[in-house]
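>>> how does the following fold in three dimensions:
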Amino acid sequence: MPLITDELELLHSLVDLNQHPRIIELGCGAAQLSRNLLTRFPACEVSALEVDERQHAKNLLAPQARLHFLQASAQAIPFAADQFDLALMFKSLHHIPLDLLDQALAEVHRVLRPGGLLYVAEPVFAGAQNEIMRLFHDEERVRAAALLAVQKAVASGAWEQVSEVFFDMPVRYRDFAEFEQRLIAITYLDHQLDATTLAAVRERFAPHMTPTGAYFERPMRVNLLRRMPGD
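Model (predicted):
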């Protein structure tokens, strides 16, 4: 699979961002990609939704022009219908409760204009980093459910799949402490690892360390969907 180091370039290769300026990001986290997008595409404006209260508070402390933060979920989007040209979900769909996946995609469909696009980037359940993570956070079931929800949405006729792209994304950590801070001590999940589990995670991480840190290639999948015109 191709190695992609800048997902914004991949996004723009699939979607002409100059022609899709009204954007909503769902499950934005720190909204780093949207921040970069607004710097490179000054015609765009982003409404960034984050359900986690602590991350939302951090976002509000770092305002940026044309970036509007809201504490809200994908399954209850606080906007009227037909408001946006493009919806972005970067590694966020599988975090939605499984019984609300269909509702979330229906909400995205509602707030997109007819012909609007949904860009869904999800990690594939594979790779060396995944084998470490599954020791304390096994996402096989939720990632499979997220993909199934996308496939169901397309099969319903409400969406057209424009493209499906697979790629690898490089991920680097200075040391295990950074891995622990970025993937274990995250605010939207409450990982409480006992000493035995933490030791097992550290042991599986150790062979990947080099003098310049640990390097992984995370397999990713992008599904680009279009809201069917007239739907």
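
>>> from residue 183, how far off is residue 204?
13 Å (CB to CB, to the nearest Å). Bear in mind the C-beta positions are built from the backbone N, C-alpha and C, glycine included.

>>> who's more crowded, these two?
residue 183 (18 against 15; other CB atoms under 10 Å).

>>> excluding chain neighbours, what is closest to that one?
residue 133 (6.4 Å; CB to CB, 6 or more residues apart in numbering).

>>> burial check on that neighbour, number of neighbours?
For residue 133, using other CB under 10 Å, the count is 19.

>>> please apply the same query to residue 164.
12.

>>> that one in helix, strand or coil?
strand (DSSP: H, G, I helix; E, B strand; the rest coil).

>>> name the element the closest residue to it other than its chain neighbours belongs to?
Computed as CB to CB, 6+ apart, the closest residue to residue 164 that is not its neighbour in sequence is residue 223, at 5.4 Å. Element membership of residue 223 [criterion: DSSP states H and E] is strand 213-227.

>>> for the record, mean pLDDT for that strand?
For strand 213-227, the mean pLDDT works out to 98.

>>> buried stuff in that strand?
214, 216, 218-227 (16 or more other CB atoms under 10 Å).

>>> so how far is it off the chain centroid?
Averaging C-alpha positions (CA atoms, centre = their mean, to the nearest Å) puts strand 213-227 9 Å from its chain's average.

>>> ditto for stretch 104-122
14 Å.

>>> export that stretch to CSV, keeping only CA atoms.
Taking Å, rounded to 0.1, in the frame of the first residue of the first chain, the C-alpha atoms of stretch 104-122 are listed here in CSV:
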residue,chain,number,x,y,z
ALA,A,104,-24.9,9.2,13.2
LEU,A,105,-24.6,8.5,9.5
ALA,A,106,-28.2,9.6,9.0
GLU,A,107,-27.4,12.8,10.8
VAL,A,108,-24.4,13.5,8.6
HIS,A,109,-26.7,12.8,5.6
ARG,A,110,-29.2,15.4,6.9
VAL,A,111,-26.7,18.2,7.4
LEU,A,112,-25.0,17.8,4.1
ARG,A,113,-26.4,19.5,1.0
PRO,A,114,-27.6,17.1,-1.8
GLY,A,115,-24.4,16.0,-3.5
GLY,A,116,-22.3,16.8,-0.5
LEU,A,117,-19.4,14.5,0.5
LEU,A,118,-18.5,12.5,3.5
TYR,A,119,-14.8,11.5,4.0
VAL,A,120,-14.5,8.6,6.5
ALA,A,121,-10.9,7.7,7.5
GLU,A,122,-10.7,4.6,9.7
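
>>> how about the helices in the chain?
Here the chain has its helices, by DSSP state H, at 7-14, 32-40, 53-60, 101-111, 128-133, 140-155, 176-179, 195-205.

>>> so where's this protein shaky on pLDDT?
Applying pLDDT under 70 to the chain flags residues 186-191, 230-231.

>>> how does it look with 80?
By pLDDT under 80, the weakly predicted segments of the chain are 185-192, 230-231.

>>> please name the nearest non-neighbouring residue to the most centrally placed residue in it.
Centroid check for the chain by CA atoms, centre = their mean gives residue 90 as the closest residue, at 1.7 Å. Distance criterion CB to CB, 6+ apart; nearest residue to residue 90, sequence neighbours excluded, is residue 121 at 5.0 Å.

>>> isn't that neighbour right next to residue 224, touching?
No. If you go by CB atoms under 8 Å, residue 121 and residue 224 don't touch, sitting 9.6 Å apart.

>>> circling back: tabulate the helices of the chain (JSON lines), appending distance to residue 80.
As requested, those are exported to JSON lines (distance: least, CB to CB, whole Å):
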{"stretch": "helix 7-14", "distance to residue 80": "25"}
{"stretch": "helix 32-40", "distance to residue 80": "21"}
{"stretch": "helix 53-60", "distance to residue 80": "22"}
{"stretch": "helix 101-111", "distance to residue 80": "8"}
{"stretch": "helix 128-133", "distance to residue 80": "38"}
{"stretch": "helix 140-155", "distance to residue 80": "21"}
{"stretch": "helix 176-179", "distance to residue 80": "42"}
{"stretch": "helix 195-205", "distance to residue 80": "45"}
